[in-house]
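Enquirer: Requesting a structural model of the entry that follows:
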Amino acid sequence: MTATQFNRPIRVLVAKVGLDGHDRGARIIATTLRDAGMEVIYTGLRQTPEMVVNTALQEDVDAIGISILSGAHMTVFPKILQLMKDKQLDDVLVTGGGIIPADDMAALRQLGVGELFPPGTSTQDIVHYITNWVHHHRNF
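Expert: Next comes the predicted model:
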């Protein structure tokens, strides 16, 4: 299944949360997802979890991708998940990538975060993962 085989394009929010100012990876992912036929909303730098969740609601996204290199992943992801729960945004994938140790990835998966992608992951693997998740979890 490809991103263009749905009734509408898959909508993905790509965000950089906190003070992390390195957005090259996020921009590469945003371009890759766009090239795969997805609609991408890129929030830019220095977003708060509240800003990310509010944008996800306003834009009716299927997935949120967080790019994080700052080491704050064990704070950022749980906060986003809690805000989503509070706003009953329970059918949206939360995924991401960056510098996240394997033990932390496992802990975040236990909390409900989707697959997390370290540097060097094939961009096509990310496209495939999001496309398959949306196909199995969203109804449009």
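
Enquirer: Okay, and V94 sits in which element?
Expert: For V94, the host element (DSSP states H and E) is strand 93-98.

Enquirer: Give the buried residues for that strand.
Expert: Neighbour counts over strand 93-98 (16 or more other Cβ atoms under 10 Å) mark 93-98 as buried. C-betas here are computed from N, CA, C, even on glycine.

Enquirer: and the next element down the chain from it?
Expert: Using DSSP H and E, the helix or strand that follows strand 93-98 in sequence is helix 102-111.

Enquirer: sorry, back to before: nearest to A72 among the buried residues of strand 93-98?
Expert: Closest to A72 out of the buried residues of strand 93-98 is G98 (10.0 Å), distances taken as Cβ to Cβ.

Enquirer: how about the nearest residue to that closest one, chain neighbours excluded?
Expert: Distances taken as Cβ to Cβ, 6 or more residues apart in numbering place I68 nearest to G98, at 4.2 Å, with adjacent residues excluded.

Enquirer: do the same with G44
Expert: The spatially closest residue to G44, leaving aside those adjacent along the chain, is K16, at 6.9 Å (Cβ to Cβ, 6+ apart).

Enquirer: beta partners for V17?
Expert: V17 has these beta-bridge partners by DSSP bridges: Q47.

Enquirer: Measure how buried it is and give me the count.
Expert: Around V17 sit 25 other residues, with neighbours defined as other Cβ atoms under 10 Å.

Enquirer: Now for it: which residues touch it?
Expert: Going by Cβ atoms under 8 Å, 6 or more residues apart in numbering, V17 touches 47-49, 52, 66, 68, 72, 76, 80.

Enquirer: In terms of pLDDT, where does the spatially most central residue of the chain sit?
Expert: By Cα atoms, centre = their mean, the chain has its centre lying nearest to G65, at 1.4 Å. As predicted, G65 sits at a pLDDT of 98.

Enquirer: Could you look up the SS state of it?
Expert: Secondary structure, DSSP: H, G, I helix; E, B strand; the rest coil: G65 is strand.

Enquirer: what sits against it?
Expert: So G65 contacts 12-15, 26, 29, 33, 95-97, 130 (Cβ under 8 Å, 6+ apart).

Enquirer: so the residue nearest to G98 sits right up against V76, yeah?
Expert: Yes. Using Cβ atoms under 8 Å, I68 is in contact with V76, at 6.1 Å.
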